[in-house]
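> Below: sequence and its predicted model.
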Amino acid sequence: MAIAQDAPEPEAREDLEAREEIKSREEIKSRIRERIEAHREDLLALSRRIHAHPETAFDEHRAAAWCAELLGAHGFSVTAPAYGLDTAFEAVIGSGPVTVALACEYDALPGLGHACGHNLIAAAGVGAALGLAPYADELGLTVRVLGTPAEERGAGKALLIEAGAFDGVDAAMMVHPCPFEVAEFTSFALGTLNVEFTGRAAHPSLNAHEGRNAADALTVAQVALGLLRQQLPAHWKVHGVTTFAGSAPNAIPHRATAEYEIRASAAEDLRELRERVEACFRAGALATGCEVTLTRPEPDYLDFRTDARLIALWKANARALGRPSPVTKDAFACTDMGNVSHLVPSIHPVLDITGGECGPHEAEFAQAAISGAGERALLDGAVGLAWTAADISPTPPLP
């Protein structure tokens with residue numbers, strides 16, 4: 001005998017639907033992890049190949065091609081080169097209403113190779129995309145993988161922004177290896193400045209009075225900068241090197257050059273700091289009768305601003321993967337991913353691969369980038385990024 005049952009109350013029905021959605025979403029996330037694990041050897045091989053063939057900013061032809069080829073072989077629509085940069089690429093799959101951009105960095109450091117672990121970053125981004133690929137439409141996602149050259153120098157992502165690479169993106173993500181685990185990453189804003197003083201050559205005893213010493217102009221400017229530092233906030237930094245200041249002691253230098261960087265906690269502060277630093281170089285020219293030319297060799301790197309909703313999802317996924325508990329760190333680096341974060345919601349968690357024993361831009365870190373801990377971070381990063389993308393899916397996946 002059938003027994004009549006009352007229909008569930010509206011609130012109970014909503015709870016049931018929510019539980020079913022969570023169940024189905026967790027099922028698809030499990031499949032995503034399985035897909036990434038199935039590509040494990042391909043991803044590790046990609047990382048090791050990029051590591052073994054380091055290429056510096058705007059010269060990453062092989063790394064970009066290897067990433068694009070692997071994605072193209074698994075159904076992605078690939079454009080290479082892309083957005084006016086020879087070593088950028090774009091790979092797209094899915095046609096959902098929410099677009100997720102996965103940033104793949106792959107440039108190396110001059111003289112240090114992959115001492116910043118960009119081989120891991122590239123492979124993690126590719127891995128996340130491969131994991132999402134079979135389920136992108138089901139999740140309502142468009143997955144856009146961007147090969148982003150010249151992070152170390154050149155601000156490649158700033159150039160890609162100008163060219164429209166991040167237009168229509170709803171969330172941008174990447175991971176970065178580090179000597180500690182940080183979820184809510186912050187960074188300095190960074191500006192670069194090339195300085196050239198032009199004076200007049202002369203003999204230091206025969207006609208010194210006719211000379212205009214460009215090296216002296218640079219010295220005066222550096223003294224002014226040294227005095228300025230006392231009045232700067234603690235988080236404002238000025239540092240640089242002299243690249244030329246004459247070639248013989250018995251000739252008054254008619255030319256002197258330097259390269260400087262300035263850092264501040266926010267892009268707004270960077271503008272004021274640049275004005276004050278440039279005034280010091282102009283003072284050197286004024287004091288010595290020289291001329292000064294100040295140029296910006298690359299776009300400014302903006303401070304990174306973590307999206308609260310995305311990072312909460314990342315933290316939950318990182319815990320599920322068994323990653324170390326994240327620590328809190330003040331800004332300690334710069335990245336052109338900061339420029340992206342000013343445009344679209346973004347995350348840039350850093351994953352521990354050395355336990356604090358060495359840090360980026362050290363020779364030892366290059367070895368850590370092909371270590372067991374580094375490759376675990378690669379795979380965890382790929383899964384974590386893919387899971388976070390699945391969590392922002394606009395529609396529940398089908399059961």
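Noted; the coordinates are in hand.

> Would you mind giving the secondary structure of G338?
Assigned with DSSP: H, G, I helix; E, B strand; the rest coil, G338 falls in the helix class.

> swap that for I262, sorry
Following three-state DSSP, the label given to I262 is strand.

> which residues does it bridge with?
G191, V238 (DSSP bridges).

> Would you mind pulling up the elements that the helix or strand where R274 lies packs against?
Using DSSP states H and E, the element containing R274 is helix 267-288. Applying 3 or more C-beta pairs under 8 Å, 6 or more residues apart in numbering; DSSP states H and E, we find helix 267-288 packed against strand 189-198, helix 214-228, strand 255-264, strand 291-295. Every residue, glycine included, has its C-beta placed from N, CA and C.

> buried residues in that helix?
Residues of helix 267-288 classed as buried: 267, 269-270, 273-274, 276-278, 280-281, 283-285, 288 (neighbour count, 16 or more other C-beta atoms under 10 Å).

> returning to what we had before: which one of the helices and strands packed on helix 267-288 lies nearest to A103?
strand 189-198 (17.6 Å; C-beta to C-beta).

> residues touching E90, list them.
Counting by C-beta atoms under 8 Å, 6 or more residues apart in numbering, E90 touches V78, T79, A80, A82, Y83, R144, V145, L146, G147, A165.

> out of these, who has the most neighbours?
The most neighbours of any of the contacts of E90, using other C-beta atoms under 10 Å, belong to G147, which has 34 neighbours.

> For A91, which of the helices and strands packed on helix 267-288 is the nearest?
strand 189-198 (28.5 Å).

> which other helices and strands contact the closest one?
helix 214-228, strand 255-264, helix 267-288, strand 291-295.

> the inter-axis angle of that strand versus strand 255-264?
160 degrees (axes from the mean of the first three to the mean of the last three C-alpha atoms, to 10 degrees).

> and strand 189-198, average pLDDT?
The pLDDT scores in strand 189-198 average 98.

> gap between that strand and the chain center?
Remark: strand 189-198 is offset 22 Å from the chain centroid, using C-alpha atoms, centre = their mean, to the nearest Å.

> swap in stretch 65-79?
With C-alpha atoms, centre = their mean as the basis, stretch 65-79 stands 21 Å off its chain's centre.

> do the same with stretch 90-106
16 Å.

> Now do the end-to-end distance for it.
14 Å (C-alpha to C-alpha, to the nearest Å).

> now stretch 321-328
End-to-end distance of stretch 321-328 (C-alpha to C-alpha): 19 Å.

> Could I get the buried residue list for that stretch?
Quick answer for stretch 321-328 (16+ other C-beta under 10 Å): R323, P326.

> swap in stretch 54-73?
54-60, 63-64, 66-68, 70-71.

> contacting residues for the residue nearest to T219 when sequence neighbours are not counted?
Nearest residue to T219, sequence neighbours excluded (C-beta to C-beta, 6 or more residues apart in numbering): G284, at 7.4 Å. By C-beta under 8 Å, 6+ apart, the residues touching G284 are F197, D216, A217, L218, T219, V220, A221, Q222, A224, C290, V292.

> go with 6 Å
Applying C-beta atoms under 6 Å, 6 or more residues apart in numbering, we find G284 in contact with A217, V220, A221.

> For the buried residues of stretch 54-73, work out which two are farthest apart.
Farthest pair in the buried residues of stretch 54-73, by C-beta to C-beta: T56 and L71, 23.1 Å.

> hmm, back to that, quick one: which of the buried residues of stretch 54-73 is nearest S341?
Among those, and counting by C-beta to C-beta, the member closest to S341 is A57, at 20.6 Å.

> what secondary structure does the closest residue to the closest one other than its chain neighbours sit in?
Spatial nearest neighbour of A57, excluding adjacent residues (C-beta to C-beta, 6+ apart): A150 at 3.7 Å. When classified by three-state DSSP, A150 comes out as coil.

> Next one: A150 from E298, what distance?
8 Å (C-beta to C-beta, to the nearest Å).

> again with A91
In terms of C-beta to C-beta, A91 sits 25 Å off from E298.

> repeat for D42
33 Å.

> Could I get the phi/psi values of F76?
Dihedral pair for F76: phi -80, psi 140, per degrees, to the nearest 10.

> A215 is in contact with A256, isn't it?
Yes - if you go by C-beta atoms under 6 Å, A215 and A256 touch, sitting 4.7 Å apart.

> anything in contact with each of these two?
By C-beta under 6 Å, 6+ apart, A215 and A256 have these common neighbours: A245.

> okay, the two: which has more neighbours?
Neighbours were counted for A215 and for A256 using other C-beta under 10 Å; A256 has more, 27 against 20.

> Much appreciated, bye for now.
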